[in-house]
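> Please find the sequence and the predicted model below.
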Amino acid sequence: MKFSLDGKKALVTGGSRGIGRSIAIALAEAGADVAVASRKPADLEKVAEEIVKRGVKVLAVPTHVGRLDQIQSMVEKVVDAFESIDILVNNAATNPTMASAIDVDERAWDSIMNLNLKGLFFTSQAVARIMRERAGGSIINVASIAGISPDVLPVYSISKAAVIHATKVMAGQWASFNIRANCIAPGLIKTDFSRALWDNPEIRDAALSITPMGRVGMPDEMAGAVVYFASDAASYVTGQVLALDGGKTI
Ligand SMILES: NC(=O)c1ccc[n+]([C@@H]2O[C@H](COP(=O)([O-])OP(=O)(O)OC[C@H]3O[C@@H](n4cnc5c(N)ncnc54)[C@H](OP(=O)(O)O)[C@@H]3O)[C@@H](O)[C@H]2O)c1
């Protein structure tokens with residue numbers, strides 16, 4: 001029962017597709033009411049229909065998580081609907097370029113850092129202020145194994161290393177508010193986002209040749225760890241990074 005999220009209120013950014021969608025549905029299956037936020041309302045409505053079938057409350061909040069005014073309004077809407085936020089999953093991220101470190105430009109840098117790091121941090125700050133007033137909570141950041149060991153995406157890798165460090169900062173500074181912060185670090189997972197990697201035989205085969213399990217992961221395989229970090233089963237766990245990567249980082 002320590003894995004139960006009955007009565008908890010969760011917010012998942014980037015919850016409409018891919019890994020975020022799987023996480024949002026798994027949190028609902030564990031008993032949490034779930035708010036999902038991303039830019040396209042139609043995609044949010046589709047996942048909301050799936051969540052409500054699990055017998056919990058759902059809220060779809062169209063939001064650009066790279067814009068601070070929209071972050072604040074997203075958090076206010078969730079609190080208005082659910083009264084609190086106990087679980088925050090920072091999952092929205094972007095990578096608009098395959099350029100190497102010698103070629104990548106400032107526009108790509110700003111776009112990646114703005115969403116992957118700045119948006120993640122200020123979403124966490126806004127939600128932590130709510131959690132601090134209530135019973136505390138659990139923040140789960142979606143990093144990447146590219147943040148542990150750099151891959152072909154240079155600025156993305158830097159952003160995800162910073163997400164891991166941001167998680168440790170949150171864990172250290174917010175433990176006194178009864179807020180835990182942990183992150184998952186997915187390996188190569190089959191979503192739209194990573195199509196340029198798993199659909200490219202050269203890049204995919206290079207990755208799988210050093211992945212003991214020898215296959216690409218699926219979005220649903222990311223959700224169990226998030227439910228664990230969100231739940232009382234992880235009540236003494238904070239500041240940790242769990243790689244979900246078929247063994248690639250061992
Ligand atoms: N797939 C992989 O191999 C892999 C590996 C390691 C880590 N990850 C991480 O896993 C997370 C999810 O990735 P994914 O593969 O599931 O990607 P995905 O399938 O492309 O889904 C991305 C989600 O983020 C939302 N999003 C994108 N930009 C946004 C913005 N500015 N504001 C709000 N929402 C935004 C998207 O919806 P809208 O477009 O409607 O906004 C969508 O819901 C990311 O943090 C990614 O870095 C993925």
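Received the coordinates, thanks.
> The closest residue to Ala146 other than its chain neighbours: what's it in contact with?
Excluding its sequence neighbours, the residue lying closest to Ala146 (C-beta to C-beta, 6 or more residues apart in numbering) is Ser157, at 4.2 Å. For glycine as for every other residue, the C-beta is placed from the backbone atoms N, C-alpha and C. Residues in contact with Ser157, defined by C-beta atoms under 8 Å, 6 or more residues apart in numbering, are Ser144, Ala146, Gly147, Pro150, Asp151.
> What count of nearby residues applies to the second one?
The number of residues packed near Ala146 is 22, by other C-beta atoms under 10 Å.
> isn't it right up against Leu153?
Yes: if you go by C-beta atoms under 8 Å, Ala146 and Leu153 touch, sitting 6.2 Å apart.
> Report the central residue of the protein.
Nearest to the mean C-alpha position of the chain, counting by C-alpha atoms, centre = their mean, stands Asn91 at 2.2 Å.
> Near the ligand, which residues of the chain? Just list them.
13-14, 16-20, 38-40, 43, 63-66, 91-94, 115, 142, 144, 186, 188-189, 191-194 (C-beta under 6 Å from any ligand atom).
> 5 Å instead?
14, 16-19, 38-40, 64-66, 91-93, 115, 142, 144, 186, 188-189, 191-194 (C-beta under 5 Å from any ligand atom).
> Strands - which of these land there?
Ser38, Val142, Pro186 (DSSP state E).
> By neighbours, which of the residues you listed wins?
Going by other C-beta under 10 Å, Val142 tops these with 26 neighbours.
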